[in-house]
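In: no sequence on this one, just coordinates:
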Ligand code: NDP
């Protein structure tokens, strides 16, 4: 069997970002609308700071407005909810993202519930989760949305394929399973209590790993010719002792068996921010009751 094709998430994300910039230029010209994204960071987790900085930079590069708010690590839930209420009421802000994880004194569910579902560009609000589950249009979580686009780089139609998603979080696993179902896949969701996981994954034409365990999925867990999407981001020590990122899939082994695979880094990660930009444009258009520019038709 020949080696798997690498699905280049970085390149695809760059193409999406270019289209977002075109859409934003069109919205400005035709409707005087500049989409705005507010990102709220609580505390000083270094990884979260990097994510927030990148999101802000990409938003501005796409021609949109970026609003950044930083609250101290000991901020109260009330303070954060007050900030969200102000953003909900601000007509220049079309998308609101609260960077997770939050410090312990703040209930994540209370925060997600407080965001106006029309501005919920992460797609985590129960209203948007319900829309996804019932097949209605809404804001779809960014990482799963990016995964579908990556799969479509190598499979035009997913109809009838066996899809196995490892992981059942509200952020990745569950929404992704619904998106695959909407594509007419036969979907299995596996998790930490799944018995004989390798036997389950070997049935998959499309295998998605969203677990958070370095290189858990081995080459012999994969059906020959499968498409493998690796969502995991794990920081481990490399052979020389320096830190490196690896996914949930043992890449070198999987590469020999799969027909296509996403690398880590450079696969799913870049797509997440690209989809956030798309969601912000989509939210802005819906709030201003203008159509989403055609250039983004494949993404909304
Ligand atoms: P969660 O920790 O919320 O969920 C992990 C899931 O994996 C759970 O459903 C859990 O099962 C399951 N799991 C854990 N151990 C096993 C096991 N041994 N066998 C089978 N299933 C197992 O993580 P997230 O969904 O938030 O994230 C998953 C990974 O994706 C992480 O590495 C994260 O960093 C990465 N990620 C990457 C993003 C990107 O942009 N590329 C965005 C978001 C996440 P159970 O429910 O039974 O506990």
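Out: Thanks, I have it. Since the structure is predicted, the reported quantities are computational estimates derived from the model, not experimental observations. Residues are numbered from 1 along each chain as shown.

In: what about the spatially closest residue to residue 72 that is not a sequence neighbour, how many residues close to it?
Out: Once flanking residues are discounted, residue 72 sits nearest to residue 43: 7.2 Å by Cβ to Cβ, 6 or more residues apart in numbering. (Glycine included, C-beta is placed from N, CA and C.) Neighbour count for residue 43, taken as other Cβ atoms under 10 Å: 17.

In: Pull up the per-residue confidence for residue 43.
Out: We have a pLDDT of 97 for residue 43.

In: again, but for residue 73
Out: pLDDT, residue 73: 98.

In: With residue 104 instead?
Out: We have a pLDDT of 97 for residue 104.

In: Residue 1 now?
Out: pLDDT, read off for residue 1, is 62.

In: can you pull out the strands in the stretch 151-300 of the chain?
Out: Along the stretch 151-300 of the chain, counting by DSSP state E, counting those that start in this stretch, strands occupy 162-166, 186-190, 206-209, 227-230, 234-237, 243-246, 260-261.

In: that older thread, phi, psi of the residue nearest to residue 72?
Out: phi 90, psi -170 (degrees, to the nearest 10).

In: Looks like it contacts residue 49 (just checking).
Out: No: look at residue 43 against residue 49 with Cβ atoms under 8 Å: they stay out of range, at 9.1 Å.

In: Now do the contacts for the residue nearest to residue 107 when sequence neighbours are not counted.
Out: Leaving aside its sequence neighbours, residue 107 sits nearest to residue 77 (Cβ to Cβ, 6+ apart; 6.3 Å). By Cβ atoms under 8 Å, 6 or more residues apart in numbering, the contact set of residue 77 is 105, 106, 107, 110, 111.

In: pLDDT score for the residue nearest the centre of the chain?
Out: For the chain, the residue nearest the mean C-alpha position is residue 143 (1.4 Å; Cα atoms, centre = their mean). Model confidence at residue 143, expressed as pLDDT, equals 98.

In: measure it to residue 169 for me?
Out: 10 Å (Cβ to Cβ, to the nearest Å).

In: list the residues that contact both of those two?
Out: residue 210.

In: Residue 190 reaches residue 196, doesn't it?
Out: No: Residue 190 lies out of contact with residue 196 (Cβ under 8 Å); the separation is 10.0 Å.

In: Which one's more surrounded, the two?
Out: Comparing residue 190 with residue 196 by other Cβ under 10 Å, the one with more neighbours is residue 190, at 22 against 9.

In: where's the nearest residue to that one once chain neighbours are set aside relative to residue 290, distance?
Out: Distances taken as Cβ to Cβ, 6+ apart place residue 166 nearest to residue 190, at 4.6 Å, with adjacent residues excluded. Going from residue 166 to residue 290 by Cβ to Cβ gives 40 Å.

In: Tell me the residues of the stretch 151-300 of the chain that contact the ligand?
Out: Residues of the stretch 151-300 of the chain lying close to the ligand by Cβ under 6 Å from any ligand atom are 166-169, 171-173, 190-194, 197, 210-213, 231-234, 268-269, 272.

In: Buried only: go through those for me.
Out: Buried subset of these (neighbour count, 16 or more other Cβ atoms under 10 Å): 166-169, 171-173, 190, 197, 210-211, 231-234, 268-269, 272.

In: bridging residues for the residue nearest to residue 190?
Out: Counting by DSSP bridges, residue 166 is bridged to residue 190, residue 209.

In: need the contact list for it.
Out: Per Cβ under 8 Å, 6+ apart, neighbours of residue 166: 173, 190-191, 194, 197, 201, 207-211, 217, 248.

In: mind listing the helices for the stretch 151-300 of the chain?
Out: Under the criterion DSSP state H, counting those that start in this stretch, the stretch 151-300 of the chain contains helices at 173-182, 197-201, 251-255, 268-288.

In: which regions of this protein sit below the pLDDT cut-off?
Out: Under the criterion pLDDT under 70, the flagged ranges of the chain are 1.

In: All good on my end, thank you.
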